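K.L.:
Have a look at this fold, sequence not included:
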């Protein structure tokens, strides 16, 4: 998807910060905002002076690749964030991709048929990658940017991911953010447990005081 739900950005960036990956694969990177935000909030050392003659990716501790199937989204600014952009269908190339610490699938999985997507996720988890999946909570038809790749073809819930590995989820309005890992992992400030909700409410109240 070229764009995605704006209200989920803080939760996804928080997850990336807590997971501290060295290598990231951004599947269906759209306009590239998560490449930019990953460098800004998790890869750039903010105690050192920036070098305006070098790109963000050259000054970041995180190496980010991307996969994009839509030629209309191969935009020139992406070279600032991504080391390599694979222009292909991810279902056809994922078996040959290197192992990444973190896989981002932000509002993209609903554009992929379930059987192929599930097999791909299983391989990522077997390899030891963490996977962040963001997707709508309810299915809805979509036509955007006059692009065939923007159509929704599948709907996902927590039950779809439980056979793959450990699943943690946070619901934000119309969207759901899933963290898929091989082993249980607790991220402070993320999740749908009662204690997680209480902590978020407490922080929101504190910020209003």
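P.N.:
That came through fine. Here the structure is a predicted model, which means the values were calculated and not measured. Residues are numbered from 1 along each chain as shown.
K.L.:
so what's the spatially most central residue of the chain up against?
P.N.:
Closest residue to the average C-alpha location of the chain: residue 104 at 2.8 Å, with CA atoms, centre = their mean. Counting by CB atoms under 8 Å, 6 or more residues apart in numbering, residue 104 makes contact with 12, 24, 25, 26, 27, 29, 34, 38, 132. C-beta: built from backbone N, CA, C; applies to glycine.
K.L.:
Would you mind checking which of these is nearest to residue 174?
P.N.:
Nearest to residue 174 among the contacts of residue 104, counting by CB to CB, is residue 12 at 14.9 Å.
K.L.:
which SS state does the closest one fall under?
P.N.:
helix (DSSP: H, G, I helix; E, B strand; the rest coil).
K.L.:
on that earlier part again, partner strands of whatever helix or strand the residue nearest to the centre of the chain lives in, with direction?
P.N.:
Counting by DSSP states H and E, the element that carries residue 104 is strand 102-106. Strand 102-106 pairs in its sheet with strand 23-27 (parallel), strand 130-136 (parallel), by DSSP bridges.
K.L.:
all helices of the chain, in order?
P.N.:
9-19, 33-38, 56-59, 90-93, 114-126, 158-161, 194-208 (DSSP state H).
K.L.:
hang on, the earlier thing: skip the chain neighbours and tell me the closest residue to the residue nearest to the centre of the chain.
P.N.:
Distances taken as CB to CB, 6 or more residues apart in numbering put residue 26 closest to residue 104, at 4.6 Å, once the chain neighbours are dropped.
K.L.:
can you tell me which residues contact that neighbour?
P.N.:
Taking CB under 8 Å, 6+ apart as the test, what residue 26 contacts is 32, 34, 35, 38, 64, 65, 66, 67, 82, 104, 106.
K.L.:
dump the residue contacts of the spatially closest residue to the fourth one that is not a sequence neighbour.
P.N.:
Nearest non-adjacent residue to residue 38, counting by CB to CB, 6+ apart: residue 16, 5.4 Å away. Applying CB under 8 Å, 6+ apart, one finds that residue 16 lies in contact with 24, 34, 37, 38, 41, 42, 102, 132.
K.L.:
Now do the fifth one, the pLDDT please.
P.N.:
In other words, residue 41. On pLDDT, residue 41 comes in at 97.
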